[in-house]
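S.K.: Structure for this input, please:
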Amino acid sequence: MRARNILFSILFAFFQLAGALFAKDRSEVINVTDSIQYLKIHVVNDVQKVKPCIDKDYYWYYSNQINCTRGGFSGRLLDGDYLSFYFNSELKESGKFCIGLKDGIWKSWFEGGKLKEITDFDNGYKDGESIRFSISGDTIFHGYYKKNKLNGKALFLVNGEMVIRKFKKGLEVIPKSVAKKEAKQQVKEESKPEKKEDDKPDKKKDQKMETTKSKASKSKNAKSK
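M.R.: Take a look at the predicted model:
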């Protein structure tokens, strides 16, 4: 019994070590600096087996730059925790990648530390709750996504007031009362009689007639004299 426990302990330690070595070989931590921020990223070393989906955005690293392309990539895919910072060391954005795709909760901040956005992702899609804030801290958008498309009720800040709109698979659902009102207005507009070109006053024609009348009157007066 004791020998069996020792064997299990050895096997467990072996698999843990193998997993750690595999993870180390699979990914690498890289620090990136550009003109507006610096980042700490993890990248995947082996991307040969990844088959891109045409409707997903892939984030990848090449030549000291983070790139994003839809439906494909041409570098080392980001994988694992992602952090970006302003040059004053304040946090700018945080989230997690899964083989080049955003996954889980992503947050971003304005310079100064105020929260800018919180959005849920699922395997590359916006999927779940999304909230955006103004620099003053007011909510300017609050809605829900299903595979990158707005779905359900969403709040928008319009002219200082929150407006509720309803969406289904990315398309706005217009209430029946509003739809009927718009349809009546359209029928009303279409039923208005159009002005014909002949009905429009012709100033040049009128002036010509006045000139002709004036000449005829002068000629008549001259004859009478």
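S.K.: And the helices in this structure?
M.R.: Here the chain has its helices, by DSSP state H, at 2-26, 176-191, 203-224.
S.K.: Mind checking the pLDDT average for the first one?
M.R.: Same thing as helix 2-26. Average pLDDT, helix 2-26: 45.
S.K.: pLDDT wise, what is the residue lying closest to Leu155 once chain neighbours are set aside at?
M.R.: Spatial nearest neighbour of Leu155, chain neighbours left out: His142 (4.4 Å); criterion: Cβ to Cβ, 6 or more residues apart in numbering. C-beta: built from backbone N, CA, C; applies to glycine. Per-residue pLDDT puts His142 at 98.
S.K.: burial count for His142?
M.R.: 18 (other Cβ atoms under 10 Å).
S.K.: again with the one 4 residues further on
M.R.: By the measure other Cβ under 10 Å, the count of residues near Lys146 is 17.
S.K.: how far away is the nearest residue to it once chain neighbours are set aside from Leu91?
M.R.: Nearest in space to Lys146, with sequence neighbours left out and distances taken as Cβ to Cβ, 6+ apart, is Asp127 at 6.2 Å. Asp127 sits 24 Å away from Leu91, going by Cβ to Cβ, to the nearest Å.
S.K.: Looking at those two, which one has more neighbours?
M.R.: Asp127 (19 against 13).
S.K.: OK, contacts around the more buried one?
M.R.: 120-121, 145-148 (Cβ atoms under 8 Å, 6 or more residues apart in numbering).
S.K.: Flag the shaky bits of this protein, pLDDT-wise.
M.R.: 1-27, 178-184, 187-188, 192-225 (pLDDT under 70).
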